[in-house]
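Engineer: Fold the following and give me the result.
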Amino acid sequence: MTPRPGRATPPLRTMPAVESMHRTFHDLHLVEALPSPSRGRRRWPALATLVGLATIATTLEPPPPRHLPSSLVGTWRSESPSHAGRTLVLGRDMLAFGGGDVAPVPHAVTAVSTRLRNDSTILTVAYEDDGAPATLRLAWETAAPEALLVGAGAGGRWVKR
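Structural biologist: Model prediction:
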């Protein structure tokens, strides 16, 4: 169809389906350009969770050390007549008691606490004995590092072999 001279060209008409697709595309484009109100709301629970976990992590005490000092590692024997022939084997994370013909029985160390008292370091060693918690107190003299007092002195003096 060619326009006649002196007459205005009629506007082009598009098909309704094409116009509808154009509007839908245009609407989607605008929606993606605007921030979604739900996105901001999703960030708050995640942020609150992170702040809560960080607070818990900073207020918890670190676990107690589980290793004995390396200078104590070795086999110790009793000098006391009441404990003659007995041995105490100390490892970084285990201890074992033995004596006479009995082979040392190992126990896993679960915690070690230390404190200084005069010229000694007092160690409290927590371990498991047949699944039950147990403790052993050792006094390690700094003047004579090759000697231990076991059981706060009740177990006598022990020397490193």
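Engineer: What is the neighbour count of Leu90?
Structural biologist: 23 (other CB atoms under 10 Å). Where you see a C-beta, it was placed from the backbone N, CA and C, and this is true even at glycine.
Engineer: residues in contact with Arg66?
Structural biologist: Shown in contact with Arg66 (CB atoms under 8 Å, 6 or more residues apart in numbering): Asp93, Val109, Thr110, Ala111, Val112.
Engineer: What separation do you get for it and Thr110?
Structural biologist: To Thr110, Arg66 is 7 Å away according to CB to CB, to the nearest Å.
Engineer: And the lengthiest strand in the chain, what does it pack against?
Structural biologist: Identified as the longest strand of the chain according to DSSP state E is strand 102-117. In this structure, strand 102-117 packs against strand 86-90, strand 94-99, strand 120-129, strand 132-141, with contacts taken as 3 or more CB pairs under 8 Å, 6 or more residues apart in numbering; DSSP states H and E.
Engineer: Format the contacts of Arg66 as TSV; extra columns: distance to Gly156.
Structural biologist: Formatted as TSV, these follow (distance: CB to CB, whole Å):
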residue	distance to Gly156
Asp93	25
Val109	22
Thr110	25
Ala111	25
Val112	21
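Engineer: Between all of those, which two are separated the most?
Structural biologist: Spatial extent of those (CB to CB) is set by the pair Asp93 and Ala111 at 10.6 Å.
Engineer: Tell me which helix or strand comes right after the helix ranked longest in the chain.
Structural biologist: Within the chain, and with DSSP state H defining each element, the longest helix by residue count is helix 37-59. The helix or strand immediately downstream of helix 37-59 is strand 74-78, counting by DSSP states H and E.
Engineer: Any regions of the protein where pLDDT drops low?
Structural biologist: Along the chain, segments meeting pLDDT under 70 span 1-42, 61-65, 145, 152-154.
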